[in-house]
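Chemist: next comes the sequence, and after it the predicted model I'd like to discuss.
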Amino acid sequence: MKKTILAVDDAKSILTIIYYFFNEKYEVVKKNNGKEALDWMQQGNIPDVIITDINMPEMGGQEFMEHLQASGFYRHIPVIVLSAMDNSAEKIKFLGLGAHDYVVKPFNPEELELRISNVLRISERALA
């Protein structure tokens, strides 16, 4: 059974790239903002990894991360932040909010795939 990636970004092009590169190996679910992602998860869907942008309408990455960390159901899900903001303060803030990794756009899909594999491997070990 394929692992599920929840990709959360308001840029359709980013969601398309993630889907294109990862849909053969993973089930890729695409959502346009944190609210849509949280609503989907609250319907009983638990992804294996979340890739989220920071700046999105309705519910951005920071609020989304805060909801995930406040929940006993979602806190264990690995999160990779994917953002155009390439500054140390933002990286530190999101890693402090519980993100497992932070990748800067534009990104190399091959690098992102390795980062996904790494967080999934670490997550599986932690749950074992």
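Modeler: Received the coordinates, thanks.
Chemist: how far does stretch 80-87 sit from its chain's centre?
Modeler: The chain centre lies 11 Å from the centre of stretch 80-87; the measure is CA atoms, centre = their mean, to the nearest Å.
Chemist: mind checking the end-to-end distance for it?
Modeler: Stretch 80-87 has an end-to-end distance of 16 Å (CA to CA, to the nearest Å).
Chemist: what's in contact with it?
Modeler: Here stretch 80-87 makes contact (CB atoms under 8 Å, 6 or more residues apart in numbering) with 9, 14, 49-55, 61, 65, 90, 94, 99-105, 107, 112, 115-116, 119. C-betas here are computed from N, CA, C, even on glycine.
Chemist: again, only using 7 Å
Modeler: Stretch 80-87 is contacted by residues 9, 49, 51-54, 61, 90, 94, 99-105, 107, 115-116, 119 when judged by CB atoms under 7 Å, 6 or more residues apart in numbering.
Chemist: so how do I select the buried members of those residues in ChimeraX?
Modeler: Buried subset of the contacts of stretch 80-87, written as a ChimeraX selection, criterion 16 or more other CB atoms under 10 Å:
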select :9,49,51,52,53,54,61,90,94,99,100,101,102,103,107,115,116,119
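Chemist: can you point out the buried residues in stretch 85-99?
Modeler: Met85, Glu90, Lys91, Lys93, Phe94, Leu97, Gly98, Ala99.
Chemist: closest to Phe73 among the residues you listed?
Modeler: Nearest to Phe73 among these: Gly98, at 13.9 Å, using CB to CB.
Chemist: then the closest one would be within a strand, right?
Modeler: No: counting by DSSP: H, G, I helix; E, B strand; the rest coil, Gly98 is not part of a strand but coil.
Chemist: for Phe22, state which of the buried residues of stretch 85-99 is nearest.
Modeler: Ala99 (18.7 Å).
Chemist: surely the closest one and Val79 touch.
Modeler: Yes: between Ala99 and Val79 there is a contact under CB atoms under 7 Å: 4.9 Å.
Chemist: overlap in contacts of the two?
Modeler: Met65.
Chemist: show me the helices in the protein, by range?
Modeler: 12-22, 34-42, 61-70, 88-96, 109-127 (DSSP state H).
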